[in-house]
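Asks: Let's see this in three dimensions:
(one chain, ligands or ions: 1)
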Amino acid sequence: MNHHPIGVFDSGFGGLTVLKEIERVLPDHDLLYFGDNARAPYGNRSFEIVHAYTLEAVERLFAAGCHLVVLACNTASAKALRTIQQNDLPRVAPERRVLGVIRPVTEWVGTLSRSGHVGILATAGTVASGSYEIEIRKSFPGVTVTQEACPMWVPLIENGEFDTPGADCFIERHVGRLMEADPLIDVVVLGCTHYPLIQGKIEKLLPPGVRVVAQGGVVADRLADYLRRHPEIAAHCSRRGVREFLTSESPEAFDRAASLFYGKPIRSRRQSDLA
Ligand code: DGL
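Replies: Down below sits the predicted model:
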């Protein structure tokens, strides 16, 4: 079989927290990561722009041989996935698939909550899309969902400033607001790929017994399950354990920051250099 990696896309670095988990459950699969660092963050951008950038990235990954692409970015999953699946794929590549990171979590999270009250921490764009609320309601109509937008968190994390007193102030503010809005919350979803880096800080600020859910592990397990249920797609995913990293910005800058999210060193290439 030729080279057909599973594509993993994010606006920048955050999707590496998901990639790490995918690698854990699918160690033999070839994986091609693409971070659109030149245009990140996506969190405050309009639906039209997020859709246009995400579709471009998906087509880039298709051209590189991917038959299956995971949008490992909540903002892209919230603002672009549905349009890509329903309108674009039938036109550009009807036999290929694009999956997101929101549904795997929303189809499961209601089973974790005893109080039936779930909190979402996410970017402003993801919150404005209402995607978490809509998707959780589909699976768990009785669950109350409260969202809190945390617009400063991604820039603080991306700039390596998340372990500072200044960052603590922003983290406390948003965790506090979420719990004030609904003190009955007993499950908090990290609805942004960057937030696992501050999961420990968030957990310390929450009342005892409130569980924090990061997406990576759930998304990876559901992806493995998807491949088992869709052998026709699995047959198009090559398995030589190859890892490749593309960025739309400087590879040197990407490599410096990326290991923070991925947990080990990375050697990336500029996406335009890929044949
Ligand atoms: N990866 C994005 C997400 O999960 C956060 C970064 C951004 O705003 O582009 O929402």
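Asks: pLDDT value on the residue in the chain that the ligand sits nearest to, please?
Replies: In the chain, the residue that lies nearest the ligand is Gly43 (2.8 Å; CB to the nearest ligand atom). Every C-beta, even on glycine, is put in place using the N, C-alpha and C of the backbone. Per-residue confidence at Gly43 stands at 88 (pLDDT).
Asks: what about the helix or strand in which Val219 is found and the ligand, touching?
Replies: In this structure, Val219 sits in helix 216-229 according to DSSP states H and E. No - if you take CB under 6 Å from any ligand atom as the test, helix 216-229 misses the ligand, and the best it gets is 11.1 Å.
Asks: For that helix, give me every contacting residue.
Replies: Around helix 216-229, the neighbours that count as contacts under CB atoms under 8 Å, 6 or more residues apart in numbering are 6, 17-18, 20-22, 24-26, 70, 72, 99, 101, 104-105, 108, 193, 196, 233-234, 237.
Asks: what does stretch 83-92 give?
Replies: Residues outside stretch 83-92 that contact it (CB under 8 Å, 6+ apart): 51, 54-55, 58-59, 62, 96-98.
Asks: Tell me the one among those nearest to Gly119.
Replies: Of all the contacts of stretch 83-92, Gly119 sits closest to Thr54, with 26.2 Å by CB to CB.
Asks: In contact with the closest one, which residues are there?
Replies: Residues counted as contacts of Thr54 (CB under 8 Å, 6+ apart) are 9, 71, 73, 76, 79-81, 84.
Asks: Please list which of these are also close to the ligand.
Replies: Within the contacts of Thr54, those near the ligand by CB under 6 Å from any ligand atom are Cys73.
Asks: which outside residues touch stretch 37-47?
Replies: Contacts for stretch 37-47 (CB under 8 Å, 6+ apart): 11-13, 36, 49-50, 53, 73, 75-76, 79-80, 123-126, 129, 151, 154-155, 158, 192, 247-249, 253-254.
Asks: Now, of those, which are buried?
Replies: Buried residues within those, counting neighbours by 16 or more other CB atoms under 10 Å: 11-13, 36, 50, 53, 73, 75-76, 79-80, 123, 125-126, 129, 154-155, 158, 192, 247-249, 254.
Asks: tell me the phi and psi of Tyr195?
Replies: Dihedral angles of Tyr195 (phi, psi; degrees, to the nearest 10) stand at phi -70, psi -20.
Asks: what about it, how many neighbours?
Replies: Number of residues near Tyr195 (other CB atoms under 10 Å) recorded here: 28.
Asks: can I assume it is in contact with Ala214?
Replies: Yes - contact status for Tyr195 versus Ala214: in contact at 7.2 Å, counting by CB atoms under 8 Å.
Asks: Which neighbouring elements make contact with the helix or strand hosting Asp168?
Replies: Assigned by DSSP H and E, Asp168 falls within helix 165-181. Secondary-structure packing of helix 165-181 (3 or more CB pairs under 8 Å, 6 or more residues apart in numbering; DSSP states H and E): strand 117-122, strand 144-149, helix 153-158, helix 199-205.
Asks: redo that, cut-off 10 Å
Replies: Using 3 or more CB pairs under 10 Å, 6 or more residues apart in numbering; DSSP states H and E as the contact test, the elements touching helix 165-181 are strand 117-122, strand 144-149, helix 153-158, strand 187-190, helix 199-205.
Asks: list the helices and strands the longest one packs on?
Replies: The criterion is 3+ CB pairs under 10 Å, 6+ apart, and the helices and strands that helix 199-205 contacts are helix 165-181, strand 187-190, strand 211-213.
Asks: what sits up against that helix?
Replies: With CB atoms under 10 Å, 6 or more residues apart in numbering as the test, helix 199-205 has contacts from 17, 121, 150, 153, 162-163, 167-168, 171-172, 174-176, 178-179, 188, 190, 195-196, 210-214.
Asks: For the helices and strands packed on helix 165-181, which has the smallest mean pLDDT value?
Replies: Looking at the helices and strands packed on helix 165-181, the weakest mean confidence is helix 153-158, a mean of 91.
Asks: Kindly format the C-alpha coordinates of it as PDB.
Replies: This file holds the C-alpha atoms of helix 153-158, laid out as PDB (Å, rounded to 0.1, in the frame of the first residue of the first chain):
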ATOM      1  CA  TRP A 153      -6.200  31.000  27.800                       C
ATOM      2  CA  VAL A 154      -4.900  30.000  24.300                       C
ATOM      3  CA  PRO A 155      -2.600  33.000  23.900                       C
ATOM      4  CA  LEU A 156      -1.200  32.400  27.400                       C
ATOM      5  CA  ILE A 157      -0.600  28.700  26.800                       C
ATOM      6  CA  GLU A 158       0.800  29.200  23.300                       C
END
